[in-house]
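>>> Here's my sequence, what's the structure:
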Amino acid sequence: MSKKDFLLDLGASKIIERDEFINGTRHPLNKGLYNGAIDVVGGDILSCIIASMDYNGIIAACGNAGGPKFESTVFPFILRGNHLIGIDSANCLIERRKIVWERFSKDWKLNGLDKICKTVDLDGVIPEIAKILKGKQTGRILLEL
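I've put the predicted structure just below:
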């Protein structure tokens, strides 16, 4: 199954290739395309998302696999009233975590998780890290000790 088919099977309605997205959005302020975004990558992807947000957009940033730094101007924030919100689950109270995990197991349960999770032992970690660094990793890796 191709990555595109994989994403469509998970429920995606549109797929934009990473290079197409980055190369098409290299301006301080682009056409407002999105009302909300969840960024799990950071780096250049986050920069492009910020520049492409519509008025009063909200971006939740929760990853840095693409790098901890991003470039932006104040324009998306002062001209469009956008918001960049950091997600910090490390300091979330255990009671709230239990509620959220309960919802994930029932109301918010995602179909097809078995298609995006791969289990590896310690010998299999290095090749998976290499894929991550090249932007070729899909899904999640579970380390079995």
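>>> Domains in this structure, by residue range?
Following automatic domain parsing, the chain resolves into domains at 1-87, 92-145.
>>> mind giving me TSV with those and columns for mean neighbour count and mean pLDDT?
Quick note: C-beta positions are derived from backbone N, CA and C, even for glycine. Listed next are the domains of the chain as TSV, based on neighbours: other C-beta atoms under 10 Å; pLDDT from 0 to 100:
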stretch	mean neighbour count	mean pLDDT
domain 1-87	15	91
domain 92-145	10	88
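>>> could you pull out the strands for this structure?
Assigned by DSSP state E, the strands in the chain fall at 34-39, 53-61, 83-86, 117-120, 140-143.
>>> Format these as TSV; extra columns: distance to residue 103.
Output for the strands of the chain, formatted as TSV (distance: least, C-beta to C-beta, whole Å):
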stretch	distance to residue 103
strand 34-39	16
strand 53-61	17
strand 83-86	19
strand 117-120	19
strand 140-143	19
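>>> which stretch among those comes nearest residue 99?
strand 53-61 (18.3 Å; C-beta to C-beta).
>>> Summarise which helices and strands the closest one is packed against.
strand 34-39, helix 43-51, strand 83-86 (3 or more C-beta pairs under 8 Å, 6 or more residues apart in numbering; DSSP states H and E).
>>> For residue 106, which of the ones you listed is the nearest?
Using C-beta to C-beta, these put strand 34-39 closest to residue 106, at 20.9 Å.
>>> dump the residue contacts of the residue nearest to the spatial centre of the chain.
In the chain, the centroid-proximal residue (C-alpha atoms, centre = their mean) is residue 40; its distance is 2.6 Å. Residues near residue 40 by C-beta atoms under 8 Å, 6 or more residues apart in numbering: 62, 63, 65.
>>> Tabulate those residues (a markdown table), appending distance to residue 9.
A markdown table is the format used below for the contacts of residue 40 (distance: C-beta to C-beta, whole Å):
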| residue | distance to residue 9 |
| --- | --- |
| 62 | 24 |
| 63 | 23 |
| 65 | 23 |
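>>> Pick the one among those residues closest to residue 141.
For the contacts of residue 40, the nearest to residue 141 is residue 65 (12.1 Å; C-beta to C-beta).
>>> Pretty sure that closest one sits against residue 44.
No. Judged on C-beta atoms under 8 Å, residue 65 makes no contact with residue 44 at a distance of 11.4 Å.
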